[in-house]
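> coords please:
(4 chains)
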4 protein chains.
Amino acid sequence: MIKVGIVGGTGYTGVELLRLLAQHPEVELRAITSRGEAGTGVADMFPSLRGRVDLNFEDPAKADLAACDVVFFATPNGVAMQQAPALLERGVRVVDLAADFRISDIAEWEKWYGMRHACPEWVERAVYGLPEVNRAVIREARLVANPGCYPTAVQLGFMPLVEAGVVDRDHLVADAKSGVSGAGRKAETHILFSEASDNFKAYGVPGHRHLPEIRQGLARMAGQPVGLTFVPHLTPLIRGIHATLYARITKEADFQSLFASRYADEPFVDVLPPKSHPETRSVRSANVCRIAVHRPQDGDTLVVLSVIDNLVKGAAGQAVQNMNIMFGIEEKTGLWQLPVLP
Amino acid sequence: MIKVGIVGGTGYTGVELLRLLAQHPEVELRAITSRGEAGTGVADMFPSLRGRVDLNFEDPAKADLAACDVVFFATPNGVAMQQAPALLERGVRVVDLAADFRISDIAEWEKWYGMRHACPEWVERAVYGLPEVNRAVIREARLVANPGCYPTAVQLGFMPLVEAGVVDRDHLVADAKSGVSGAGRKAETHILFSEASDNFKAYGVPGHRHLPEIRQGLARMAGQPVGLTFVPHLTPLIRGIHATLYARITKEADFQSLFASRYADEPFVDVLPPKSHPETRSVRSANVCRIAVHRPQDGDTLVVLSVIDNLVKGAAGQAVQNMNIMFGIEEKTGLWQLPVLP
Amino acid sequence: MIKVGIVGGTGYTGVELLRLLAQHPEVELRAITSRGEAGTGVADMFPSLRGRVDLNFEDPAKADLAACDVVFFATPNGVAMQQAPALLERGVRVVDLAADFRISDIAEWEKWYGMRHACPEWVERAVYGLPEVNRAVIREARLVANPGCYPTAVQLGFMPLVEAGVVDRDHLVADAKSGVSGAGRKAETHILFSEASDNFKAYGVPGHRHLPEIRQGLARMAGQPVGLTFVPHLTPLIRGIHATLYARITKEADFQSLFASRYADEPFVDVLPPKSHPETRSVRSANVCRIAVHRPQDGDTLVVLSVIDNLVKGAAGQAVQNMNIMFGIEEKTGLWQLPVLP
Amino acid sequence: MIKVGIVGGTGYTGVELLRLLAQHPEVELRAITSRGEAGTGVADMFPSLRGRVDLNFEDPAKADLAACDVVFFATPNGVAMQQAPALLERGVRVVDLAADFRISDIAEWEKWYGMRHACPEWVERAVYGLPEVNRAVIREARLVANPGCYPTAVQLGFMPLVEAGVVDRDHLVADAKSGVSGAGRKAETHILFSEASDNFKAYGVPGHRHLPEIRQGLARMAGQPVGLTFVPHLTPLIRGIHATLYARITKEADFQSLFASRYADEPFVDVLPPKSHPETRSVRSANVCRIAVHRPQDGDTLVVLSVIDNLVKGAAGQAVQNMNIMFGIEEKTGLWQLPVLP
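Numbers count the residues shown, from 1 in each chain, chains lettered A, B, ... in the order given. A predicted model of the protein is given here:
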């Protein structure tokens, strides 16, 4: 059994980690911490876990995280970079679900996240946890930077095209729509039910933190910098990301086959038949990315549709997938539940 | 392995049965029928099942249902009473998720369902599949009448009080709210998104088909007829029933303990601590009923709050629970997934 | 023109007052205050008002509210009782949309609201602003206590029965469902979209602040104390209250006629034909209460269904209605917009 | 008073026309027809209109539409082209809310709409009813082809750029999201609440009927053909369209000023300040288009955000606006209600 700890379990990625890990046959949940909720029963805060998760939230200062094999950080940005190094040095492996170790360029990270980075040396050693790109290095990683939700959907959607060099990589467009849970569980006015329900809006058009992360990932695939316009939207659904991607064709290819063969061996990427329109609910609560490729009116522009559950393949599920890879167990373990539909 | 067939799998109880049975370790899905969709791949209609359920819908006339150990009818009312007897006579066990075998009084059934009953003899032999009441007889049943969604939530909520005879059984009130999936997947105007979203209404106040079913169940518990006012409401959520129950106290008791002890050994009924307010999402996609008991201002009226997922404990999950009991396997098998929250 | 001021305009009752008053042909909006948003343009906070409301939020200390004919308090409980008296003494008329002046029994108010009342003398002089009961005295009132949202829906639904003395007034049951906007615009976790959407729950079952207000109102109608069980529920819709009311018949009557004649001259109460089920959306954004009366299976229990828009007839609309009455203008002025459906 | 008739009033554009026209001070509603609902009271079908609209639906064969000054067709595509000519020949002016007269190229229309056009001669004489482009000719029009909802949002968003010739007109991208009411009130499975709620998907990516309409409109503005990729999405909100538009800059300009000056005199187009993100709810139930222009990271791609209420500026409201222009009355008459928010 893998001994697991969670730092910061009161948000949505935290409770989703708990849901997945509590049902994982190779995992023993050892500790979960929360500064604000120390002493509270996990199941008192999240009644969906009643009778199934007996842990209490512990004070981070008191929890024996060093006794764990792996610790997940489900904390706000800036926490893991403070606390993970001590654990890493004691041999604990770490998966950070926040952004602290995602961007290699420290100056770029500091610009977008508005703080000074506390341990650049670990950024270098961190592995970007997108298994479809980095499976081999994740296996050996001590520290995995779990990708953001938008970056997962957008990178998986563009990857076959960018790797193959068949589209104009200077003018990619990603129009992405996210469910409200992507904004977290912190009480803020704009994500109140009465604000976000029966409403739709773009946000962060001048610049969103996931932009540099996506650009970095696509650039690595391309072997060169890429140009990307990224527009996120807040959508009145709880879970789900739908990325609609636009790319100008520069080289003819059988685009459907390109996707099918790129993902042929990937257990968690599903390429749909031609003319398909994936729905976010078709991946609800499951660790899957479903993708469809279109070439409207046989023109020169490709449209890729890519959907994930932001809390699963976009966060907690992908974190567990990374853990499975790191510990050499079957990648699907604990991640094979069917989506809940309707 | 239990060989399972499903008749009528294109509705919401059908796809929910598929979700649960496809993940059930003791089940082999053999056939699923649909008159209208014969030939269509199940996963083409429900993409959430892609790669996991390979069956096609079959013409009911051609499917070899007699080779199954058990057949679930997820059909409209009036179908199972026509088709189940032939299977039953060949030794196949049957669970009917519709209402055909729920009401013992044939005349009463015919009045509420507006048709002539095709096989009253099997109504007599059918067992009402509420495990918390009938576990022992379900074990031996050849034909199980799976309870309705409202009747499950309301009966489980009133049961300890009615059995103990501590409330006025002539004037019970059940104010029940259901998610829209309870109305099925047939295209009708009043359940369109633009009609049912951001809207709330009661319906069927003059009389709803679940009323005689609930009254029959409560009368059996009471050993005498009961009086019940039942008002269902259509609520803008996909899944979930919330029953708010009102009963006048006729005899003092420790009501919290009454509930706790009545359900102490029930794996799928969760009695919450005093002062709790169960949320429908705390049971979303799981086979659980959560209940709280209140006595506001220490008055003479009890308020019981009872929540289920109408598609799981209110339909497909309870059907699988009944199957587990009928086949002598551990009751929780295939039904132990955690609720999906948020 | 009536010169109008608003204290505390950043919540939902505030913006709804602005929507109604900005379109009111007899009103001149003079000032709107907000401690936190002083200097911000009203239309910058609420873009729905762009080009139509030019006011900025003003510091309450600086706003010349004494120059107004009437001031609306759309503030949290406890503010109006501090600030209204000074205005009242200068001859300004006041409509308080909060609870400060609703409950005559000061001790009772202090118990439920958890604070000491600052001006009991004005409680005595305040008029409870339910026009269907108090129209004549509202006309002369200097201070109107605008009713709560639940109390409006519940009192209008019970009134004809309670006044006529035809039901058991000791055991009334009000099962009420509210849209989330009823909880206000303050950022709190439980009303986040990801918490309140696709979810349903009761709350405040042990005791809700609107209970004493409703009891007081019904007792006045009855001329004697009443017994009431009141259970509010949080419903995933933005606007709307649906009260489902239960009362035991003690005296036969033509209940439909009772309602029809009681409300025959009321412009804002609509009694539906027998067998009707009012929907909350049928009153969305409009100052109407729609009511239906049922006697299921000709039994001894009446069921009344009463719907309002909690922000209009349950708050801002009723406040404007009270203003119209106070200033002797046609009651429908500025309140005659049709509901928005779908 | 303008005598008005409506053909086909049982859909969402029909009831929205009724809401607007019943409150229009210069309109006398004379007749509304529906083949299926002849004899039914309008307010029985739409209780939001109770007490305010006394008409019954009439059999189209019997209604005296020729006595009207103007008739609105709120019918499915293909009806107006059959029935409007007879009215037009008798001097009745017609506004068609469907697509029959929108596309000048008959062959193109027949390809996209899959039927033979019944009166090409009236297509020539029809005026495309986008007032911001065609106000002068609308004034004289006998037949107005009211624009589609997507086409309104997309054309208004691209217009200043395309007219000024400052972007690459061969590679425009319109990523558009619509509320479910845009799909109409006909009962179809994919728009059921349980299908469309908590879900998001693209549709019609291979080709949507609004594509040729938008291309025609943009081409007229450009004075040359344009290239457009158009992807519509079904969004879980009742009303609202959000178009996110992408265009490559070919000529530098002050883009904010371009928009501001183009729409300076337009009463129903609101250009937001730089860095704004319009929300669909900010135009809910109102005849407004709000637009924001962005140039992310000062790159070479412009992003325009354009929102309307699909039933108002995208359908019934624009139709009334066209009527106002046709009859020479103040354009805002009956269209000046404030949006309903929240």
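
> Next up, phi/psi of A:Gly14, please.
Phi and psi for A:Gly14, reported as degrees, to the nearest 10, are phi -70, psi -50.

> For it, give its distance to A:Ala63.
For A:Gly14, the distance to A:Ala63 equals 14 Å [Cβ to Cβ, to the nearest Å]. C-beta here means a position set from N, CA and C on the backbone, and glycine is covered the same way.

> A:Pro151 too?
30 Å.

> Looking at these two, which one has more neighbours?
Legend: neighbour count by other Cβ atoms under 10 Å in any protein chain shown for A:Pro151 and A:Ala63, higher for A:Pro151 (28 against 21).

> what's the spacing between the host helix or strand of the more buried one and its chain's center?
Assessed by DSSP states H and E, A:Pro151 sits inside helix A:149-164. Offset of helix A:149-164 from its chain centre (Cα atoms, centre = their mean, to the nearest Å): 13 Å.

> looking only at pLDDT, what's the mean for that helix?
The pLDDT scores in helix A:149-164 average 98.

> Just the CA coordinates for it, please, in CSV.
The C-alpha coordinates for helix A:149-164 follow below in CSV (Å, rounded to 0.1, in the frame of the first residue of the first chain):
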residue,chain,number,x,y,z
CYS,A,149,-6.9,22.3,-16.1
TYR,A,150,-7.0,24.5,-19.1
PRO,A,151,-3.4,23.5,-20.1
THR,A,152,-4.4,19.8,-20.0
ALA,A,153,-7.4,20.3,-22.3
VAL,A,154,-5.6,22.7,-24.7
GLN,A,155,-2.3,20.8,-24.9
LEU,A,156,-3.9,17.4,-25.5
GLY,A,157,-6.1,19.0,-28.2
PHE,A,158,-3.2,20.7,-30.1
MET,A,159,-0.5,18.1,-29.5
PRO,A,160,-0.8,15.9,-32.5
LEU,A,161,-0.9,19.0,-34.8
VAL,A,162,1.9,20.8,-33.2
GLU,A,163,4.2,17.8,-32.9
ALA,A,164,3.5,16.9,-36.6
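
> continuing past it, what's the next helix or strand?
The helix or strand immediately downstream of helix A:149-164 is strand A:172-179, counting by DSSP H and E.

> separation between the residue lying closest to A:Ala38 once chain neighbours are set aside and chain D?
Leaving aside its sequence neighbours, A:Ala38 sits nearest to A:Asp59 (Cβ to Cβ, 6 or more residues apart in numbering or on different chains; 4.1 Å). Using Cβ to the nearest Cβ, to the nearest Å, A:Asp59 is found at 36 Å from chain D.

> mind listing what A:Asp59 touches?
By Cβ atoms under 8 Å, 6 or more residues apart in numbering or on different chains, the residues touching A:Asp59 are A:33, A:35, A:38.

> How much space separates it from A:Asp96?
Using Cβ to Cβ, one obtains 21 Å as the distance from A:Asp59 to A:Asp96.

> Phi and psi next, for the nearest residue to A:Glu58 once chain neighbours are set aside.
Excluding its sequence neighbours, the residue lying closest to A:Glu58 (Cβ to Cβ, 6+ apart) is A:Thr33, at 5.1 Å. With angles defined as degrees, to the nearest 10, A:Thr33 sits at phi -110, psi 150.

> give me the beta-bridge partners of A:Thr33?
With DSSP bridges as the criterion, A:Thr33 is bridged to A:Val7, A:Glu58.

> hang on, the earlier thing: point out the other helices and strands that the helix holding A:Pro151 packs with.
If you count contacts as 3 or more Cβ pairs under 8 Å, 6 or more residues apart in numbering or on different chains; DSSP states H and E, helix A:149-164 packs onto helix A:131-140, strand A:172-179, helix A:210-222, strand A:228-235, strand A:241-248, helix A:255-262, strand A:289-294, strand A:301-308.

> Among those, which comes closest to D:Met323?
strand A:228-235 (34.0 Å; Cβ to Cβ).

> which other helices and strands contact that closest one?
helix A:149-164, strand A:172-179, strand A:201-202, helix A:210-222, strand D:241-248, strand D:301-308.

> go with 7 Å
Strand A:228-235 is packed against strand A:172-179, strand A:201-202, helix A:210-222, strand D:301-308, with contacts defined by 3 or more Cβ pairs under 7 Å, 6 or more residues apart in numbering or on different chains; DSSP states H and E.

> strands paired with that strand, and their directions?
The strands that strand A:228-235 pairs with in its sheet are strand A:172-179 (parallel), strand A:201-202 (antiparallel) (by DSSP bridges).

> low pLDDT regions in chain A?
Along chain A, segments meeting pLDDT under 70 are nowhere present.

> Alongside chain B, which residues does it contribute?
Residues of chain A lying close to chain B by Cβ under 7 Å from any Cβ of the partner chain are A:12, A:15, A:19, A:22-23, A:46-52, A:181, A:198, A:238, A:270, A:282, A:285, A:337-342.
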